[in-house]
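**Q** from the sequence below, what's the structure:
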Amino acid sequence: MSNQHQVISPEISFAPEHSGDTKRIWRTFWLLSVVTIIELAIGLAIYNIHKGANPNETLVLAFKGMVCILSLAKAYYIVSIFMHLGDEIRNMIMTIVVPLSLFIWFVIAFLWDGNAWRNLRNTDAGSKPNTEQVQHAPVKEGTSH
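**A** Numbers count the residues shown, from 1 in each chain. This is a model prediction of the structure:
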């Protein structure tokens, strides 16, 4: 056998080198941890408000809005950093963001339309007022049904 040199292709790496993104990933990790702790604190506050004698619905709604905003921020960071979408070209980002936006719009539109359909169905398609009740004839004694 001849002494052959092994050629390893540049795609194969047995000892990967860190590209310096570990600092960015750890910073994102700690940021997401802090945001999660804030969300949990807000959730505990909502629970305590609901448990009280007179819950303030406006405050609960504001807290729920804050949780939604914080959740969207976390989703952005997860997709941008951990799924590496932030490093992609703009056209690639748009091929993901535009269909996602349309999907969210469809869900909101279907919920809106479903609620309108429910309201119409409960009022017999708008032909009678919502407060109208069916009148039953009084039952006479001694008669069988």
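**Q** average model confidence for the helix with the most length in the chain?
**A** In terms of residue count, the longest helix belonging to the chain (DSSP state H) is helix 90-122. Mean pLDDT, helix 90-122: 86.
**Q** is V67 in a helix, a strand, or coil?
**A** Under DSSP: H, G, I helix; E, B strand; the rest coil, V67 falls in the helix class.
**Q** what's the neighbour count on it?
**A** When neighbours are defined as other C-beta atoms under 10 Å, V67 has 16 of them. For every residue, glycine as well, the C-beta is placed using N, CA and C.
**Q** now do I42
**A** Other residues within reach of I42 by the criterion other C-beta under 10 Å amount to 16.
**Q** and it, what element?
**A** helix 22-51 (DSSP states H and E).
**Q** what is that helix packed up against?
**A** helix 57-77 (3 or more C-beta pairs under 8 Å, 6 or more residues apart in numbering; DSSP states H and E).
**Q** got the angle for the helix it packs on vs helix 22-51?
**A** On the basis of axes from the mean of the first three to the mean of the last three C-alpha atoms, to 10 degrees, helix 57-77 is oriented at 160 degrees to helix 22-51.
**Q** helices and strands around helix 57-77, which ones?
**A** Using 3+ C-beta pairs under 8 Å, 6+ apart: helix 57-77 touches helix 22-51.
**Q** what residues sit buried inside the helix it packs on?
**A** T28, L32, E39, I42, I46 (16 or more other C-beta atoms under 10 Å).
**Q** can you lay out these as TSV showing pLDDT and distance to T95?
**A** Converted to TSV, the buried residues of helix 22-51 look like this (pLDDT from 0 to 100; distance: C-beta to C-beta, whole Å):
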residue	pLDDT	distance to T95
T28	87	23
L32	93	25
E39	96	30
I42	96	34
I46	94	37
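**Q** I'm done for today, thanks for sticking with me.
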